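Novice: using only what follows, build the 3D model:
(one chain, ligands or ions: 2)
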Amino acid sequence: MRGLATILVTGGAGFIGSNFIRYLLDGKSGFTGRVINLDALTYAGNPANLAEIEAAYGGDRYFFEKGSIGDAALVDGLFERYRPDTVVHFAAESHVDRSILGPRAFIETNVLGTFTLLEAARKHWKGGRDDALFHQVSTDEVYGSLGTDGAFTEETPYNPRSPYSAGKAAGDHLAMSYHHTYGLPVTLSNCSNNYGPRQFPEKFIPLMIQNMLEGKDLPVYGDGKNIRDWIHVEDHNRAVWLVLNRGKAGEKYNIGGENEWENIRLLETLIAITARKTGRGERQIRETITRVSDRPGHDRRYAIDCGKIKRELGWKQEIAFEAGLEQTVDWYLANQDWVKNIQSGEYRRWIEVNYGGR
Ligand code: NAD
Ligand code: TYD
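Specialist: Ligands and ions are numbered 1, 2, ... in the order given. Model prediction:
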């Protein structure tokens with residue numbers, strides 16, 4: 001039986017991790033234990049993502065610890081102090097374009113940070129524990145790039161093509177190696193592109209929404225025909241929770257939206273929704289679409305076969321894409337303070353560096 005009494009969540013101040021902690025503590029999951037959130041608060045981490053959780057549960061069922069997963073003494077101390085029975089490892093450098101311009105942080109966090117966490121779990125859970133679990137949160141990008149048909153299955157060999165996905169792949173291999181070599185109870189999930197509230201506005205959907213709201217150009221890489229499979233962050237996290245409860249140690253589970261979109265078609269849909277909600281002319285917004293030079297090594301298409309988690313754990317997507325996009329646009333419209341707060345000097349520098357030369 002899994003313990004699920006004290007869960008150490010890494011990267012819980014980011015987009016997906018904060019949504020996961022909300023899901024754990026807002027009653028929907030049925031979880032009754034404590035959550036420890038270890039987050040370094042990089043540019044992508046934002047304590048405001050969990051302000052209501054801190055107010056409702058801080059010091060009781062929710063504990064925030066600022067620090068890096070790569071700090072072995074800190075991580076060791078957290079295992080001593082809180083004795084977690086579960087680790088859900090979200091913390092990562094997560095943006096492909098940043099990995100192209102500066103890969104080092106991706107290796108430090110996604111590879112060495114994951115290694116440091118695994119070492120702590122191995123030390124503290126030694127002797128074999130059937131109540132413990134280390135869950136590695138990963139991406140479909142580790143599988144590489146698809147042609148026009150087919151989909152990634154759990155058996156598809158890893159073939160990462162960016163420093164981001166290569167670092168994630170290395171972390172995944174390490175996690176699985178700790179299962180095979182040391183008997184560490186490890187599960188792993190590979191999910192497709194997430195969207196929803198609180199996603200940092202450097203990623204495609206929130207960047208486009210925000211640029212529309214600010215009347216800026218909408219930068220489309222290359223021919224705009226790259227394809228991503230989009231899933232709402234809440235559908236992803238329900239799947240992670242199912243894996244924690246019922247997933248088999250040593251197994252991987254693909255999670256996907258079964259919802260493939262060419263970037264340009266997705267942008268047109270987002271424009272239609274945003275125009276309707278803001279009263280701006282759709283044609284006027286369309287005129288701001290700007291073709292910019294392509295991302296180097298840009299993966300053409302991702303698609304996920306998520307038959308295994310559906311069959312074995314009874315999971316399915318619940319949020320229809322149009323409804324999820326509407327909710328996401330509404331959230332950004334209603335939370336411009338959140339956006340303004342993170343549009344720091346660092347954010348503006350990033351926009352300058354990434355888009356300045358395109
Ligand atoms: P994010 O960039 O929004 O959040 C990452 C969080 O990790 C931030 O809070 C950041 O402060 C924290 N962090 C970074 N380095 C750290 C370190 N060394 N120590 C402690 N904390 C650190 O990312 P996200 O989109 O929420 O992604 C979360 C996880 O899900 C990642 O592992 C990512 O690879 C995976 N994933 C993301 C997607 C997606 O579409 N966003 C899809 C599949 C899988
Ligand atoms: P992104 O959100 O960065 O996710 P990922 O690269 O991890 O899939 O990008 C999604 C798609 O959108 C990808 O094909 C790249 C493209 N893209 C643009 O065309 N313009 C942009 O400004 C960004 C950030 C992404």
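
Novice: when you work out contacts or count neighbours from here on, use the C-alpha atoms and nothing else.
Specialist: Fine.

Novice: what does the pLDDT read for the closest residue to residue 14 other than its chain neighbours?
Specialist: Counting by CA to CA, 6 or more residues apart in numbering, residue 45 is the residue found nearest to residue 14 once chain neighbours are left out, at 4.6 Å. pLDDT for residue 45: 94.

Novice: my read: residue 45 touches residue 16, true?
Specialist: No: if you go by CA atoms under 8 Å, residue 45 and residue 16 don't touch, sitting 10.6 Å apart.

Novice: can you tell me the SS state at residue 230?
Specialist: strand (DSSP: H, G, I helix; E, B strand; the rest coil).

Novice: now swap in residue 337 and tell me
Specialist: Residue 337 is classified as helix under three-state DSSP.

Novice: could you pull out the helices for the stretch 51-200 of the chain?
Specialist: 51-57, 72-82, 96-101, 104-107, 114-124, 163-182 (DSSP state H, counting those that start in this stretch).

Novice: three-state assignment of the closest residue to residue 338 other than its chain neighbours?
Specialist: Leaving aside its sequence neighbours, residue 338 sits nearest to residue 48 (CA to CA, 6+ apart; 8.0 Å). Secondary structure for residue 48, judged by three-state DSSP, is helix.

Novice: what sits against the closest residue in space to residue 132 that isn't next to it in sequence?
Specialist: What sits nearest to residue 132 in space, not counting adjacent residues and going by CA to CA, 6+ apart, is residue 85, at 4.7 Å. Shown in contact with residue 85 (CA atoms under 8 Å, 6 or more residues apart in numbering): 3, 4, 5, 6, 7, 8, 131, 132, 133.

Novice: out of those, which is most surrounded?
Specialist: Counting neighbours by other CA atoms under 10 Å, residue 133 leads the contacts of residue 85 with 27 neighbours.

Novice: quick revisit: and residue 45 and residue 16? which has more neighbours close in?
Specialist: Under the neighbour definition other CA under 10 Å, residue 45 and residue 16 were set side by side, and residue 16 has more, 24 against 20.

Novice: looking at the helices of the stretch 51-200 of the chain, which is closest to residue 314?
Specialist: Closest approach to residue 314 among the helices of the stretch 51-200 of the chain is made by helix 163-182 (23.7 Å; CA to CA).

Novice: what pLDDT, on average, does that closest one get?
Specialist: Here the average pLDDT along helix 163-182 is 98.

Novice: confidence score at residue 307?
Specialist: pLDDT at residue 307 comes out at 98.

Novice: distance of it relative to residue 49?
Specialist: 32 Å (CA to CA, to the nearest Å).

Novice: ok, whichever residue of the stretch 1-150 of the chain sits closest to ligand 2 - contacts?
Specialist: Closest contact between the stretch 1-150 of the chain and ligand 2, by CA to the nearest ligand atom, is at residue 96 (5.5 Å). Neighbour list for residue 96: 162, 163, 164, 165 [criterion: CA under 8 Å, 6+ apart].

Novice: residues contacting the second one?
Specialist: Spelled out, it's residue 163. 96, 99, 100, 103, 106, 107.

Novice: that older thread, and of the contacts of residue 96, the nearest to residue 219?
Specialist: For these, the nearest to residue 219 is residue 162 (20.3 Å; CA to CA).

Novice: re earlier: and the residue nearest to residue 14, backbone torsions?
Specialist: Here is the backbone geometry of residue 45 (degrees, to the nearest 10): phi -90, psi 140.

Novice: how many other residues sit next to the nearest residue to residue 76 once chain neighbours are set aside?
Specialist: Spatial nearest neighbour of residue 76, chain neighbours left out: residue 120 (5.8 Å); criterion: CA to CA, 6+ apart. Applying other CA under 10 Å, we find 19 residues neighbouring residue 120.

Novice: ok, residue 120 to residue 272 distance?
Specialist: Taken as CA to CA, the span from residue 120 to residue 272 is 49 Å.

Novice: cool, and residue 50?
Specialist: 31 Å.

Novice: kindly report the same for residue 46.
Specialist: Per CA to CA, residue 46 is found 30 Å from residue 272.

Novice: got it, and residue 255?
Specialist: Taken as CA to CA, the span from residue 255 to residue 272 is 28 Å.

Novice: who's more crowded, those two?
Specialist: Between residue 255 and residue 272, counted using other CA under 10 Å, the more crowded position is residue 255 (31 against 17).

Novice: across the sheet, point out what pairs with the nearest residue to that one once chain neighbours are set aside.
Specialist: With CA to CA, 6+ apart as the measure, residue 191 is the residue that lies nearest to residue 255, at 4.5 Å, once sequence neighbours are left out. Beta-bridge pairing of residue 191 under DSSP bridges involves residue 139, residue 255.
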